[in-house]
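Q: No letters, just coordinates:
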């Protein structure tokens, strides 16, 4: 097992294994199974049922044929057997077997006959984790449509959930699907606290790292070694493995550059020790930079736009986001950057950062997060109501044939509220700031 600053980094091949006594891979395992399946496919009538004198024995025979049909993907045969009385909730885990082989049509038939989507296989593995780890997106979609638990552990007590399993396999689409069904992006391994983003960063699954961070995965949740009790963050492990892109996303989304292990090693220190000089130089160069400045220097305009819309970047906070420095970095040529392989200026990034550095405007509305957008809507709604109210009052006065009367010498009882032209309202909203919300 490799060492990371005194911390042993687990090989994930051992963290999640799909090997089991009941999940047989690679098609037919024995000639006997092949003959049984061939027989089962010919059953257009006379399907074995449990209604004979030897009911228990007959039930076992039906279940054996059902198991074979599930493994081999014969959804029509599975349907016939279920019609004949086969049990879709076989203790060996029919759904787990179907998910393992990617037989989505078989899964649909089993669920149609009320198979439990959360039923584990005999070895304890859950169908949703098997589908997630194998990248079986269609199987996963079917399970989620039937209200499977998106946080069900792979095995009881392991702490490894479907998101962790999909992240370990590098399946960004499956991770996204689970997170959109309210799966926990920070569900950690019970043994050492390794999170999905930790294992994705370790293996260099950059797409998975990005999806997890966009769905509020914690970039600083550490893994504790079960023997030394030393802790390492996802950025530590990305630096150890030399995964530059994963490290960059982690830093932009708030990973700490100063977090240290028990051996007092920062991510830059670990990268240096492991010979990843380019990554170490980059980590040292941006150690005092804000996330917006780093993202701008990396020309990550899509990420900047996303973080602005989420309210996770606030260009109005001049203490954290000094405008002069950010404006300088977005226009800098590669030779001016304090690290190698810097990118040339990007017009899209330049326009985006400049737009984000000014107050609200209709054309910049998309760069504000939900709370500001709601406030803008409220202001415009009030302006519309006032305009509508003035029209109603004017109409009422005309019908009464005179001007509104005064009460106690004061203003007229139906005097309209003071109005401002729409242009003034829009001008006022230019001073809306993200940090107020």
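A: That came through, no problem. This one's a predicted model, so the numbers in the text were calculated from it and none came from an experiment. Residues are numbered from 1 along each chain as shown.

Q: where are the low-confidence patches of the stretch 51-200 of the chain?
A: Counting by pLDDT under 70, the low-confidence segments of the stretch 51-200 of the chain come to 51-55, 156-157.

Q: Where do the strands of the stretch 151-300 of the chain begin and end?
A: Taking DSSP state E, counting those that start in this stretch to define them, one finds strands in the stretch 151-300 of the chain at 223-224, 231-232.

Q: buried ones in the helix or strand harbouring residue 80?
A: Taking DSSP states H and E as the definition, one finds residue 80 inside helix 75-83. Counting neighbours by 16 or more other Cβ atoms under 10 Å, one finds that the buried residues in helix 75-83 are 75, 77, 78, 79, 80, 81, 82. Yep, even glycine has a C-beta here, placed from its N, CA and C like the rest.

Q: what's the least confident stretch among the strands of the stretch 151-300 of the chain?
A: Mean pLDDT values for the strands of the stretch 151-300 of the chain show the minimum at strand 223-224, a mean of 87.

Q: who touches it?
A: The contact list for strand 223-224 (Cβ atoms under 8 Å, 6 or more residues apart in numbering) reads 7, 188-189, 192-195, 198, 230-233, 237.

Q: Can you tell me which of those has the most neighbours?
A: The member of these surrounded by the most neighbours (other Cβ atoms under 10 Å) is residue 198, with 33 neighbours in all.

Q: wait, what's in contact with that one?
A: 221, 223, 233, 234, 237.

Q: ditto for residue 433
A: 316, 359.

Q: swap in residue 151?
A: So, once contact is read as Cβ under 8 Å, 6+ apart, residue 151 ends up touching 161, 162, 163, 183, 184, 187.

Q: Just flag the most distant two among these.
A: When the contacts of residue 151 are compared pair by pair using Cβ to Cβ, the farthest-apart members prove to be 162 and 184, with a separation of 9.5 Å.

Q: Do you know the pLDDT at the closest residue to residue 241 other than its chain neighbours?
A: The shortest distance from residue 241 to any residue other than its chain neighbours is 5.9 Å, reached at residue 202 (Cβ to Cβ, 6 or more residues apart in numbering). Reading off the per-residue confidence, residue 202 sits at a pLDDT of 93.

Q: Likewise for the one 10 residues further on?
A: According to the prediction, residue 212 has pLDDT 97.

Q: surely it meets residue 199?
A: No. Contact between residue 212 and residue 199 fails when scored by Cβ atoms under 8 Å: they sit 10.1 Å apart.

Q: Could you name every residue contacting both of the two?
A: Where contact means Cβ under 8 Å, 6+ apart, the residues bridging residue 212 and residue 199 through contact with each are residue 167.

Q: Distance to residue 366 for the strands of the stretch 151-300 of the chain - can I get that in JSON lines?
A: Conversion of these to JSON lines gives the following (distance: least, Cβ to Cβ, whole Å):
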{"stretch": "strand 223-224", "distance to residue 366": "37"}
{"stretch": "strand 231-232", "distance to residue 366": "38"}
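
Q: so which of these gets nearest residue 282?
A: strand 231-232 (19.0 Å).

Q: Output the contacting helices and strands for that closest one.
A: Helices and strands touching strand 231-232, as assessed by 3 or more Cβ pairs under 8 Å, 6 or more residues apart in numbering; DSSP states H and E, comprise strand 223-224.

Q: returning to what we had before: what about residue 212 and residue 199, which has more around it?
A: residue 212 (31 against 28).

Q: quick one, what contacts the more buried one?
A: Shown here is residue 212, whose contacts under the criterion Cβ under 8 Å, 6+ apart are 163, 167, 175, 179, 185, 196, 197, 200.

Q: Can you tell me how far the second one is from residue 286?
A: The gap separating residue 167 from residue 286 is 25 Å, by Cβ to Cβ, to the nearest Å.

Q: Compare the two (neighbour count), which wins?
A: The residue with more neighbours, out of residue 167 and residue 286 and counting by other Cβ under 10 Å, is residue 167; that gives 34 against 21.

Q: my read: that one touches residue 207, true?
A: No. If you go by Cβ under 8 Å, residue 167 and residue 207 don't touch, sitting 10.2 Å apart.

Q: What are the buried residues along stretch 169-178?
A: In stretch 169-178, counting by 16+ other Cβ under 10 Å, buried: 169, 170, 171, 172, 174, 175, 176, 177, 178.

Q: quick check, nearest of those residues to residue 303?
A: Ranked by distance to residue 303 (Cβ to Cβ), the buried residues of stretch 169-178 are led by residue 172 at 15.2 Å.

Q: so that closest one touches residue 209, yeah?
A: No. Counting by Cβ under 8 Å, residue 172 does not reach residue 209; the two are 9.0 Å apart.

Q: And the pLDDT for residue 423?
A: Confidence per residue is given as pLDDT, and for residue 423 that number is 80.

Q: and residue 379, what is it in contact with?
A: Under the criterion of Cβ under 8 Å, 6+ apart, the contact list for residue 379 reads 425, 428, 429.

Q: And for residue 172?
A: Residue 172 touches 205, 207, 208, 210, 211, counting by Cβ under 8 Å, 6+ apart.
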